[in-house]
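[1] Here is my input; please provide its structure:
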Amino acid sequence: MSEKKPTPRRPSDQNQRTPPNSDGGNWLSRGWFWIVLVILLVIGSRFMFSSSGDAANLVGLNQVARYVNNDDVRSIIVQGDTVYVQLKSTTNRVQTRKEPNESLLETLRSFGVSEERLQTLPIEVESAPNSGMIFSWLIMLLPMLLVFAFFIFIMRQAGGGGQNRAMQFGRSRARKMEGADRPTVTFADVAGSDEAKQELQEVVEFLKEPQKFAALGARIPKGVLMVGAPGTGKTLLAKAVAGEAGVPFFASSGSEFVEMFVGVGASRVRDLFEQAKKNSPCIIFVDEIDAVGRHRGAGLGGGNDEREQTLNQILVEMDGFDTDTNIVIIAATNRPDILDPALLRPGRFDRKVVVDRPDRRGREAILKVHVRGKPLTPDVDLDVIAAQTAGMVGADLENLVNEAAILAARRNKRTIGMSEFIESIERIMAGPARRSRVLDAEDRRVIAYHEAGHAIVMEELEHTEGVGKITIVSRGQALGYVMPLPEEDRNLRSRAEYEDTIAGLLAGRVAEELMFDEPSTSAANDLERVTKLAKAMVTRFGMSDLIGPMQLNPGESNPFMGMEIGQQRSYSEAVARKIDAEVRRIVMSAYERTRALLQERRDQLVRVAETLLEKEVLERKEFLQIIGADAASSSATTVNAS
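    Numbering: from 1, shown residues only. Got it, this is the predicted structure:
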């Protein structure tokens, strides 16, 4: 599944749309700015209202006594312990301080001022200003204000900022898409999954024309669950629904409902459905619903209270006591096995849409979408590329086309050729070529015979795929590889095909034993795959005459118990010994077949390996010429890494 390049539909709306406030937005609206401003004003007021000018004219009481004796005092103002003296000889006012709880007159007497002067002295007593007391109180309250501001800041951060303020933990974070905010992707921009498109198109049509279905007594599906492997296009289909639907579309993720505080997730679910009811009819999309919809009470340590309460609220909102709503929920997950059964039942998720991996036609359609607008050379055959990319999903194919364009730009080309696409397939499957990796002559020789053994056996056996390319150039962690030729997409495999596949995987090790009398570690990955495949034939697929048509290992792992760690063996020790013996028999039988085949074609093995040492890469046509077979045109998909 993939997406076309959408054509801009509403350029004027897009240009005039106001971007959301970022972290560096309007700083005047931030609380910390006002807190700092208040603190600065309090400190500044202390200095602003202090009599700094009078402090410059500060004199002692003895000097004031001399002014009084010289009859140079016009008036005296007493404010608490501060004394202001207005002189006759100047317009300036001098300031002094007296002892606390002491009379100014007694102080002046002690400095020798006569009683006659004191009787005629104009003294006014005024109440002292309380600015110092206010400032002292503010200094005492400042630490508490700072602590309170710190807690407000922490709560705002825990709430996520932005639209989730300090006391808004329970508000939903779902984004409402309507009008100009609606995505420009439509169903015409989606390829590779026609059945899933049809299922979702019906939901959109139901919301647009409900009378068409109501006339036949049909009701709108309450929920649609999209299930598929990562990269198959589940979120892309949801974007197409949002672009096509003529109703409001709420987009959210399952992780947005999970918080450290119990009850917050359930509150957000309630808020989301309240918003949806106000905008009914509408669509709610929940991506990765497995983050919140996991099976309740599972795991070694019991359930998660927050997640379970959130799931309970979702169950109630989808099909609880109040069911008179016109809301459709679309959810996506790639782990349907861990979802709670109550969430999957009809009445909640009425439809399960499987978004599967695309087949050959689907991959070709996806490639056509992604190469649109890109300059291609005439030799590019999308059908051949689709044949070579079996198992790839839409995200892989998009990456493949992008890698091909990057390679063409790196080679200073103006068009993308078939060689860039083939190189991109190899880069995605095995990694970039590591030509700078230097191997000694003996290692190169071992790798060449190893890959030559794979190629000869794969080409000769009836049920294995042909050889498309052989190389001893390192890619990723592989020192060399053989790229097979798939003829068509296969869903079923027979016992003969598995036996031939095991023989082909063992061919590299057998070739090393024949030529060097001992194996190397290059066959470690091959042996791992051989063992798993042989054990699956015996325990899962019933392909053993000794064990019979029984499935002893269902192949399902418990995600809450550590995958395979939580599996319990359902057979006895005697049966386990039979399984081991049968696995060994299958592997050794394939080993003997491979050894006999390579001994018979030892001269071909030597010619192919020596040519590989000389050229490093052999295409199919060259390989067939070396072994003397008829050339056939094909191309490659999977990688056998050594």
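
[2] correct me, but Ser424 touches Leu400?
    Yes. The pair formed by Ser424 and Leu400 meets the contact definition of Cβ atoms under 8 Å, at 4.9 Å. Heads up, the C-betas are built off the backbone N, CA and C, glycines and all.

[3] Burial check on Thr90, number of neighbours?
    Summarising burial for Thr90: neighbours were counted as other Cβ atoms under 10 Å, giving 10.

[4] mind checking pLDDT for it?
    Per-residue confidence at Thr90 stands at 77 (pLDDT).

[5] Alpha carbons only: can I get stretch 612-620 in CSV?
    Below are the C-alpha coordinates for stretch 612-620, written out as CSV (Å, rounded to 0.1, in the frame of the first residue of the first chain):
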residue,chain,number,x,y,z
LEU,A,612,34.0,-15.8,-8.6
LEU,A,613,37.5,-15.2,-7.2
GLU,A,614,38.4,-13.5,-10.5
LYS,A,615,35.2,-11.4,-11.1
GLU,A,616,33.6,-11.3,-7.5
VAL,A,617,30.1,-11.1,-9.1
LEU,A,618,28.4,-13.5,-11.4
GLU,A,619,25.0,-12.8,-13.1
ARG,A,620,22.6,-15.6,-14.0
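
[6] Now do the helices in the stretch 151-300 of the chain.
    Read by DSSP state H, counting those that start in this stretch, the stretch 151-300 of the chain holds these helices, from start to end of the chain: 194-208, 210-214, 234-244, 264-278.

[7] Make JSON lines from the ones you listed and add mean neighbour count, distance to Ala395 and mean pLDDT to it.
    Shown next, in JSON lines, are these (neighbours: other Cβ atoms under 10 Å; distance: least, Cβ to Cβ, whole Å; pLDDT from 0 to 100):
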{"stretch": "helix 194-208", "mean neighbour count": "17", "distance to Ala395": "15", "mean pLDDT": "84"}
{"stretch": "helix 210-214", "mean neighbour count": "12", "distance to Ala395": "34", "mean pLDDT": "81"}
{"stretch": "helix 234-244", "mean neighbour count": "23", "distance to Ala395": "9", "mean pLDDT": "85"}
{"stretch": "helix 264-278", "mean neighbour count": "20", "distance to Ala395": "28", "mean pLDDT": "85"}
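
[8] Rebuild the ones you listed as JSON lines, extending it with distance to Ala408.
    As requested, the helices of the stretch 151-300 of the chain are arranged in JSON lines below (distance: least, Cβ to Cβ, whole Å):
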{"stretch": "helix 194-208", "distance to Ala408": "31"}
{"stretch": "helix 210-214", "distance to Ala408": "49"}
{"stretch": "helix 234-244", "distance to Ala408": "26"}
{"stretch": "helix 264-278", "distance to Ala408": "46"}
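
[9] between the ones you listed, which gets nearest to Leu118?
    Closest of those to Leu118 is helix 264-278, at 76.4 Å (criterion: Cβ to Cβ).

[10] Show residues contacting the closest one.
    When contacts are taken as Cβ atoms under 8 Å, 6 or more residues apart in numbering, the neighbours of helix 264-278 outside the stretch itself are 169-174, 176, 248, 250, 252, 256-259, 282, 284, 292, 306-307, 309-310, 312-314, 317, 325, 327.

[11] which SSE is Pro100 in?
    In this structure, Pro100 is located outside every helix and strand according to DSSP states H and E.

[12] which ones are touching it?
    Asp81.

[13] measure it to Glu126 for me?
    With distances defined as Cβ to Cβ, to the nearest Å, the gap from Pro100 to Glu126 amounts to 17 Å.

[14] next one: Arg93
    Distance, Arg93 to Glu126, using Cβ to Cβ: 14 Å.

[15] Specify which residue of these two has the higher count of neighbours.
    In this comparison of Arg93 against Glu126, neighbours counted by other Cβ under 10 Å, the higher total goes to Arg93 at 16 against 11.

[16] Wait, a helix at Arg109?
    Yes. When the secondary structure is assigned by DSSP: H, G, I helix; E, B strand; the rest coil, Arg109 falls within a helix.

[17] could we number from 43 for the rest of this?
    New numbering, starting at 43: the last item is Arg151.

[18] Quick check: closest non-adjacent residue to it.
    Leu160 (7.0 Å; Cβ to Cβ, 6 or more residues apart in numbering).

[19] same for the strand or helix carrying that neighbour, what does it pack against?
    Secondary structure from DSSP H and E places Leu160 in helix 157-162. On a contact count with 3 or more Cβ pairs under 8 Å, 6 or more residues apart in numbering; DSSP states H and E, helix 157-162 meets helix 103-111, helix 146-152.

[20] Just the buried positions in stretch 475-484, please.
    Ala475 (16 or more other Cβ atoms under 10 Å).

[21] which residues touch that stretch?
    Under the criterion Cβ under 8 Å, 6+ apart, residues Glu468, Arg469, Ile489, Val515, Ser516, Arg517, Gly518, Leu521 lie in contact with stretch 475-484.

[22] quick one: the spatially most distant residue from the centre of the chain from Ala256, how far?
    When each C-alpha in the chain is compared with the mean C-alpha position (Cα atoms, centre = their mean), Glu158 comes out farthest, at 93.4 Å. Taking Cβ to Cβ as the criterion, Glu158 is separated from Ala256 by 112 Å.

[23] Sketch out the low-pLDDT regions of the stretch 393-542 of the chain for me.
    With pLDDT under 70 as the threshold, the stretch 393-542 of the chain has low-confidence stretches at 528-530.

[24] can you map out the strands along it?
    Ranges of strands in the stretch 393-542 of the chain, per DSSP state E, counting those that start in this stretch, are 393-396, 508-513, 523-527.

[25] and the first one, what other elements does it pack with?
    If you count contacts as 3+ Cβ pairs under 8 Å, 6+ apart, strand 393-396 packs onto helix 236-250, strand 265-269.

[26] Let me have those in CSV, extended by distance to Asp113.
    Written out in CSV, the entries for the helices and strands packed on strand 393-396 read as follows (distance: least, Cβ to Cβ, whole Å):
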stretch, distance to Asp113
helix 236-250, 100
strand 265-269, 101
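
[27] number of nearby residues for Ala230?
    Number of residues near Ala230 (other Cβ under 10 Å) recorded here: 12.

[28] no, scratch that, I was asking about Asn454
    6.

[29] swap in Val189?
    Counted with other Cβ under 10 Å, the neighbours of Val189 add up to 10.

[30] Against Phe195, how distant is it?
    Plainly put, Val189 is 11 Å away from Phe195 if you go by Cβ to Cβ.

[31] cool, and Val358?
    On the measure of Cβ to Cβ, Val358 and Phe195 end up 35 Å apart.

[32] same check, this time on Leu258
    Distance from Leu258 to Phe195, counting by Cβ to Cβ: 58 Å.

[33] Which one of those two is surrounded by more residues?
    Applying other Cβ under 10 Å to Leu258 and Phe195 shows that Phe195 carries more neighbours, namely 14 against 6.

[34] how near is the more buried one to Ile181?
    In this view, Phe195 and Ile181 are 22 Å apart by Cβ to Cβ.

[35] Check Ile331 too.
    Separation of Ile331 from Ile181 (Cβ to Cβ): 54 Å.
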